[in-house]
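Asker: coords please:
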Amino acid sequence: MRGIGTGLLAVVIAAGTMMPAFADEAADVAAIKSRTAALGQAFVSRDAATIRAMMTPDHRAVAFIYKGPQTVDEEVASLPQLKMEIYDAIPPTVALLGPDAALVTYEQSYRGTFNGNPLPGRVFVGEVWVRIDGKWLQKFYQETVMELE
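Answerer: Numbering: from 1, shown residues only. Okay, the predicted model is just below:
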């Protein structure tokens, strides 16, 4: 009986010490989801200052509208050619890769144009976010065009 009590006590102590980590992870996931949505909205509204503030200086983006990987400066320079609306987005899934890195994936649909060409209807998105000086910043973004049924 004593072994059961000691084992139960060990489980309770272990659970108690793990709870803050789960709470921190939940807070990180919520923060990343919020920042993902805010960055998407910054592109819709063509808000260069917000885009720059939410990305790392060495950020790279690979998207169907670009002719190759783009830097933050290249993305911001192309904003006048981008006219888009995001709709039918599936809520993002966030996988924490460590205390300061996360992979975000989701699907979304677009309406609009880039350089006068129509945007594809549906894309799958993968993003890498990193925490720098306490802030979650997007480091990498990639889109893959999906077939619409």
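Asker: next structured bit after the worst-scoring helix or strand of the chain on mean pLDDT?
Answerer: Comparing every helix and strand of the chain by mean pLDDT, DSSP states H and E singles out helix 2-44 as the least confident one, with a mean of 69. Downstream of helix 2-44, the first helix or strand assigned by DSSP states H and E is helix 48-53.
Asker: Any regions of this structure where pLDDT drops low?
Answerer: Along the chain, the model assigns pLDDT under 70 to residues 1-23, 148-149.
Asker: list the buried ones in the longest strand belonging to the chain?
Answerer: Assignment by DSSP state E gives strand 101-114 as the longest strand of the chain. For strand 101-114, a neighbour-count test (16 or more other Cβ atoms under 10 Å) marks Ala102, Leu103, Val104, Tyr106, Gln108, Ser109, Tyr110, Phe114 as buried. Heads up, the C-betas are built off the backbone N, CA and C, glycines and all.
Asker: For Pro120, grab the count of nearby residues.
Answerer: 16 (other Cβ atoms under 10 Å).
Asker: shouldn't it be in contact with Glu147?
Answerer: No: the criterion here is Cβ atoms under 8 Å, and Pro120 misses it with Glu147 at 9.5 Å.
Asker: What is the nearest of the buried residues of strand 101-114 to Lys33?
Answerer: Lys33 has its nearest neighbour among those in Val104, at 7.8 Å by Cβ to Cβ.
Asker: okay but the closest one is in contact with Ile90, surely?
Answerer: No: the pair Val104 / Ile90 is not scored as a contact, 11.7 Å apart, by Cβ under 8 Å.
Asker: Identify the bridge partners of Gly98.
Answerer: Beta bridges link Gly98 to Ala101, judged by DSSP bridges.
Asker: ok, so what distance separates it from His59?
Answerer: Here Gly98 is placed at a distance of 19 Å from His59 (Cβ to Cβ, to the nearest Å).
Asker: Looking at these two, which is more packed in?
Answerer: Using other Cβ under 10 Å, the more surrounded residue of Gly98 and His59 is His59, with 21 against 8.
Asker: For that one, which non-adjacent residue is closest in space?
Answerer: Val72 (4.9 Å; Cβ to Cβ, 6 or more residues apart in numbering).
Asker: and the one you found, what does it touch?
Answerer: Counting by Cβ atoms under 8 Å, 6 or more residues apart in numbering, Val72 touches Ile51, Arg52, Met55, Pro57, His59.
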